[in-house]
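Novice: Need a 3D model of the sequence below.
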Amino acid sequence: MESRGLTLRSKSRRPRPQISAPKPISGPLPTSNGSKGAGTPGQNTSSPSSTSLDRAPSKGATSDLVKRRYSTRFNQVPDFDVSAPPVPGLPKAPATYGGLSPPETSRRPSTESSGPPKVDLNALRDPSLPVDKYVANLLANASEEEIEAFQKSLRKVKNRTSTDLQQNVYQNRTQFIKISKEAEKLKGEMRTLRTLMAELTTALGQTTIGNTPNPMSPAVDEYMPKRNANRSSVANLESMWNVQLQTLWKTVEGSQKFLPVVPGRHIVMETGHWVELDSATWKPRRPVHIVLLNDHLLIAAKKRKRVDQSSHRGPVPTKLVAEECWPLQDVDMIDLGANLSAGVARDEAEDRGIANAINVRVGGKPFTYRHDKRDSSAKGELLATFRKTVEDLRRTLRSETEAASKSTESFGYLGVRRPSHSPMPDQYDGGESTRDKPEVRIDVDGKQQNLRWVDGQVDELDIDIALQRFEEAVANVERLRKLAKGLKGNAIAQDVINTKVDERAATLAEVILRALVDTHSFPVSTKTRVSWLTRLGFEDQAREAFLKTRSEIVSKRIRACVFEGDLPLYIFQISYVYFTLIKNTISIYQQCFPPVMSSASIRWAKHHLDGFNALLTRQLSSVQRGTTVWQKCIDIVHEQADQLTEVGVDFTDLVAKDLETGEEFTERPQMTRSESLISGLADTAAAAAII
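Specialist: Numbers count the residues shown, from 1 in each chain. Next up is the predicted model:
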């Protein structure tokens, strides 16, 4: 095959094709050979002969290709029916597909742009709600009116929530009071049940414990059956108990100093054959004798008597000496053999006698005692009797306390607790039972009520004060005071009501005074609070609190004025502050307080006017009288002082009085030591020159 290469020879030149501008095609192109070549993919698989024919150079082929390149072809829809239904839209993609979609709360403003934004209570209840982001997304496309409507809706929800909260607090308080009363009632019933159960336990214990002989008072045991018929006699019991105590004093040396004669004190149980053990080593220390009384526990040690060994034969006699004596309510008695576990440790403990030992703890100090007879039931009897005696003592002390409190409650009812050991007045005791004493009653609107009804009214007053319902609280105080004033024939009830009401009125006045101090610049609220305090009888405190607060405002505003070199400007500032605040204070005072108290406001204004004159005198002390600056300052002061005439006060003669009359200043700045020395030398030199 002959190869072809590059050459510089000139060949016959062909005429260049002319390329025309692209023409727009408004309709489908006619079918031709060229269109077949660019048709469907099936037409591209034609024979090579047809392809070579299409690619053969012809006139205007390049022009057709360029036209086809810069042209647009619109295919004609073969079958177009106008009456056909519209094509359905595409289904929505999942909201959280790919994690790219924003949360639901951020799409609400765009999806709900058709209507104003609404308050979603469920969203607001979420504690983890991002408030700023939520409001920004919700009000992104809202207009000014919609924002104001949304703000009003939020305020309504806030007010409704606040009201619901107050109602819940009131309901909870009421329910708490009811539950407290029911609990007090239930406590009394449980106390009665406990007393009955203790009596039943005592009756059953008497059948098991049995009658143990008393080794110290055999003479008493001999004639006890004779006294069974007179057991109910209090005098016989007291005499029998005194005989027991006297026998105890004779038998146990030193017991009289621990156990003097007290009405009702008697011996409950005596038991011997006990040994005191060392709490650390468990070694026996000394034999002891235990005496259980109704209010004390006595420990007596056995000691040998001093006898002459030459003339005495047989065992050495012993005596009992009182070593320890504790109040029964301070004693804890524990059975050491109750918590022993099975095994080698238990056998070892039984060998050492721990199973028959008890531990007595008094004020954190332990004492260990063991019974000598290991097969005896003395330990169990002592523990059972001790527990029963302690329970009886507690019940007796409780009943005495309740009797004292009931007597105070039924007559005084002032909430003052009287100790159980203090004697009650004779008019309250009288030897009668508390349930037989008359109850104090008062007449309320034709109905008889007791003092517990007064407590209910006081509780309602406390609730009104806590919820700051001042109008209702003041009305309740006035009603209770009127009720107490009408009880002229019942001095006790009158004192009770007045004491309780005065205490609540003082608390209510403190709360209203704090509110008055916070709103002293608003005439309407100040007038309302002053009227409440006047109805409560605290008008003097209201006046003092109001004027004191206004004085603090004057001092605060004056300290904010700073002198920067322009004296007339500074004089204008301080005069404007002084006289404007004085005018406003007198105006509010005249609206809120009665006219009979107007002198206090004038006195207050005069006091601050004197302070202004002193300040003005210090500022103009360095200015020469009669100069332009001095006269300008005086004119500014009088111009500001003229506004006091709007509230009926004329202080024209008192403003800058010393400056205008030319009198000497009462307060001159004191000279230092060097200045006084220089002044003295100057006076001396002037006198020498004259001479």
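Novice: Give the buried residues for the strand or helix carrying A641.
Specialist: For A641, the enclosing helix or strand under DSSP states H and E is helix 628-641. The neighbour-count check on helix 628-641 (16 or more other CB atoms under 10 Å) flags W630, C633, I634, I636, V637, Q640, A641 as buried. C-beta coordinates here come from the backbone N, C-alpha and C atoms, glycine included.
Novice: got JSON lines for those, with pLDDT and distance to H296 too?
Specialist: Below are the buried residues of helix 628-641 laid out as JSON lines (pLDDT from 0 to 100; distance: CB to CB, whole Å):
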{"residue": "W630", "pLDDT": "88", "distance to H296": "95"}
{"residue": "C633", "pLDDT": "90", "distance to H296": "91"}
{"residue": "I634", "pLDDT": "89", "distance to H296": "93"}
{"residue": "I636", "pLDDT": "91", "distance to H296": "91"}
{"residue": "V637", "pLDDT": "90", "distance to H296": "88"}
{"residue": "Q640", "pLDDT": "89", "distance to H296": "86"}
{"residue": "A641", "pLDDT": "89", "distance to H296": "86"}
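Novice: of the residues you listed, closest to H520?
Specialist: Q640 (22.3 Å; CB to CB).
Novice: Give me the spatial nearest neighbour of the closest one, chain neighbours excluded.
Specialist: S575 (4.1 Å; CB to CB, 6 or more residues apart in numbering).
Novice: what helix or strand is the one you found on?
Specialist: Going by DSSP H and E, S575 is part of helix 567-592.
Novice: Tell me which other helices or strands the biggest helix by length in the chain touches.
Specialist: The longest helix of the chain (DSSP state H) is helix 144-209. With contacts defined as 3 or more CB pairs under 8 Å, 6 or more residues apart in numbering; DSSP states H and E, the packing partners of helix 144-209 are helix 378-411, helix 451-466.
Novice: hang on, L533 packs against V511?
Specialist: No: contact status for L533 versus V511: not in contact, 10.6 Å apart, counting by CB atoms under 8 Å.
Novice: With neighbour numbers in mind, choose between the two.
Specialist: L533 (24 against 14; other CB atoms under 10 Å).
Novice: In terms of pLDDT, where does that one sit?
Specialist: For L533, the pLDDT comes out at 92.
Novice: and it, what does it touch?
Specialist: Counting by CB atoms under 8 Å, 6 or more residues apart in numbering, L533 makes contact with A509, I512, L513, L516, E539, Q541, A542.
Novice: thinking the fourth one is in contact with S531, fair?
Specialist: The reference is to L516. No: at 11.0 Å, L516 does not count as touching S531 under the criterion of CB under 8 Å.
Novice: of those two, who's got more company?
Specialist: Each of L516 and S531 has its neighbours counted (other CB under 10 Å); L516 has more, 23 against 16.
Novice: Now that one: which helix or strand?
Specialist: Assigned by DSSP H and E, L516 falls in helix 491-518.
Novice: and after that helix, which helix or strand comes next?
Specialist: Once the chain leaves helix 491-518, the next helix or strand it forms, by DSSP H and E, is helix 523-536.
Novice: Just the buried residues of that following helix, please?
Specialist: Neighbour-count burial for helix 523-536, counted by 16+ other CB under 10 Å, picks out P523, T526, T528, R529, V530, S531, W532, L533, T534, L536.
Novice: Helix 567-592 and that helix, what's the angle between them?
Specialist: With axes from the mean of the first three to the mean of the last three CA atoms, to 10 degrees defining the directions, helix 523-536 sits at 50 degrees from helix 567-592.
Novice: one step back: closest one of the contacts of L533 to V169?
Specialist: Looking across the contacts of L533 and measuring by CB to CB, the closest to V169 is I512, at 19.9 Å.
Novice: What is the burial count for the closest residue to V119 other than its chain neighbours?
Specialist: Using CB to CB, 6+ apart and skipping residues adjacent in sequence, the residue nearest V119 is S153, 4.7 Å away. Counted by other CB under 10 Å, the residues lying close to S153 total 14.
Novice: same check, this time on T202
Specialist: T202: 12 surrounding residues under other CB under 10 Å.
Novice: next one: K606
Specialist: Residues near K606, counting by other CB under 10 Å, number 13.
Novice: same question, the one 4 residues further on
Specialist: Neighbouring residues of D610 were enumerated by other CB under 10 Å; the total is 11.
Novice: Please identify which helix or strand holds it.
Specialist: helix 598-620.
Novice: tell me which residues in that helix are buried?
Specialist: Buried residues in helix 598-620 (16+ other CB under 10 Å): S601, W604, A605, H608, L609, F612, N613, L615, L616, T617, L620.
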